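*Asks:* Here's my sequence, what's the structure:
(2 chains)
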Amino acid sequence: MDDQDILTTLKILIIGESGVGKSSLLLRFTDDTFDPEQASTIGVDFKVKTITVEGNNKAKLAIWDTAGQERFRTLTPSYYRGAQGVILVYDVSSKQSFNKLDAWLNELETFATKHDLVKMLVGNKIDKERREVSKEEGLKFARKHRMLFIEASAKTKEGVQYAFEELVEKIIQTPGLWETDKQGLKLSENASDGSYSACGGYCVI
Amino acid sequence: MSDENCTNNNDGDNSKKAVISSSFPSSPLHDSRLDENGKNKSKIYCTRCPSLILTPGNGGYVRKKFSLPSDKDKKTHPELEIDEKDVTEETSHDCWMIENMYAFENIGFSNTVGTIKYLVCADCESGPVGWHDLSNGGKACFLSWDRVRHSDSN
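*Replies:* Residues are numbered from 1 along each chain as shown, chains lettered A, B, ... in the order given. Sure thing, here's the model as predicted:
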């Protein structure tokens, strides 16, 4: 474990409307506790997380949440600079949050410095009863914009870890997004127990 | 902020690098935690959850003065609160200094308060477990021994 090589460091952003559960997704990446009362007075700006990829290598992720800045509509360009991956989140029980996805993609297009960055769409809060956005609608949007897609719930852990792993795998498979002379690395599937219920997992378009 | 209060608490002989190991503090606690290079011998975990914060050899020992707000009981205070009244006088902390944030296994950085980002557990967000001072273009992070768990096993 201590002898693992560091494969790469990746910058990943989590964006989307207020209240769709971005921070909870960030929190839930490796932790098994979910605190519905989670509300940080100061708030977490970003996290460094380590995940294992195939070949017993480690990838270090710097994961940036918007930390409430979305209230100001336009995030600072530095937030987007150098990002290799973006997780775009909407709430399946809020059509409004889904309708705002185009605006988020426009902002991403404007400020991202790596234009082949990997995007993943996450339909969050599938544990809620009142659904306003169907899985098919999410999938269709993801296809149209060439994004990975998954439905998830931070509350039940469904899909969250998987979403990050899929994103990292896709980044590693995308030439030019990261540099290494090791080829063909893939994420291990140790965390994929198949218990999540997301469109056969995800859809690579 | 007291930027230059970092000392190795040495015994006076710090004139040569070759003898630096003899200048590390010598106590049973320090002996058990420092390797021959003055780095952390053990893995370092969150005190409240199993999150691995730092692997061996990635933190260098320093003693540093800093005013670190109290880490409240997560159950009664789930949020990271820094009240004015919590900001106590500067006290000396035995610390691990981490030069590059990617040397951490898992760590969270709070939003900036003044010139400080507090370090919190990346998984349960309890803390602060340390700090990162942005003034003077500093990149180093400091983990307080009192706020983390040292363990060779899990």
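
*Asks:* quick one: the helices in chain B?
*Replies:* Along chain B, counting by DSSP state H, helices occupy B:28-33.

*Asks:* can I have stretch A:107-122 written out in CSV, keeping just the CAs?
*Replies:* Output of stretch A:107-122 as CSV, limited to C-alpha atoms (Å, rounded to 0.1, in the frame of the first residue of the first chain):
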residue,chain,number,x,y,z
GLU,A,107,-19.8,28.7,-18.6
LEU,A,108,-17.6,25.7,-18.8
GLU,A,109,-17.0,26.2,-22.5
THR,A,110,-16.1,29.8,-21.8
PHE,A,111,-13.6,29.3,-19.0
ALA,A,112,-12.2,25.8,-19.2
THR,A,113,-8.6,25.8,-20.5
LYS,A,114,-8.5,22.2,-21.5
HIS,A,115,-11.2,21.7,-24.1
ASP,A,116,-11.1,18.0,-24.2
LEU,A,117,-11.8,17.8,-20.5
VAL,A,118,-14.0,14.9,-19.4
LYS,A,119,-17.6,15.7,-18.3
MET,A,120,-19.9,13.6,-16.2
LEU,A,121,-23.5,14.3,-15.6
VAL,A,122,-24.9,13.2,-12.3
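
*Asks:* So which bits of that stretch are buried?
*Replies:* For stretch A:107-122, burial by neighbour count (16 or more other C-beta atoms under 10 Å in any protein chain shown) applies to A:107-108, A:111-112, A:114, A:117-122. Heads up, the C-betas are built off the backbone N, CA and C, glycines and all.

*Asks:* Just want the residue of chain B that's nearest chain A.
*Replies:* In chain B, the residue that lies nearest chain A is B:Asp123 (3.6 Å; C-beta to the nearest C-beta).

*Asks:* what's the neighbour count on that residue?
*Replies:* 25 (other C-beta atoms under 10 Å in any protein chain shown).

*Asks:* Could I get the full set of strands for the chain?
*Replies:* Using chain A here. A:6-16, A:44-53, A:57-65, A:85-91, A:118-124, A:148-151 (DSSP state E).

*Asks:* hm, I was asking about chain B
*Replies:* Under DSSP E, chain B gives strands at B:43-46, B:52-54, B:60-66, B:91-98, B:107-113, B:116-120, B:130-133, B:141-144, B:148-151.

*Asks:* Pick out the shakiest of those, pLDDT-wise.
*Replies:* Among the strands of chain B, strand B:107-113 has the lowest mean pLDDT, at a mean of 88.

*Asks:* Tell me which other helices or strands that strand touches.
*Replies:* strand A:44-53, strand B:116-120 (3 or more C-beta pairs under 8 Å, 6 or more residues apart in numbering or on different chains; DSSP states H and E).

*Asks:* Tell me which of the ones you listed sits most buried.
*Replies:* strand B:116-120 (a mean of 24; mean count of other C-beta atoms under 10 Å in any protein chain shown).

*Asks:* Give me the sheet partners of that strand and which way each runs.
*Replies:* Partners of strand B:116-120 in the sheet, by DSSP bridges, are strand B:107-113 (antiparallel), strand B:130-133 (antiparallel).

*Asks:* Out of these, which is the most enclosed?
*Replies:* Taking mean count of other C-beta under 10 Å, strand B:130-133 is the most buried of the strands paired with strand B:116-120, at a mean of 24.

*Asks:* CA atoms of that one as CSV?
*Replies:* Provided in CSV are the C-alpha atoms of strand B:130-133 (Å, rounded to 0.1, in the frame of the first residue of the first chain):
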residue,chain,number,x,y,z
GLY,B,130,-4.1,21.8,11.2
TRP,B,131,-3.7,24.9,9.1
HIS,B,132,-2.2,26.3,5.9
ASP,B,133,-1.0,29.9,5.9
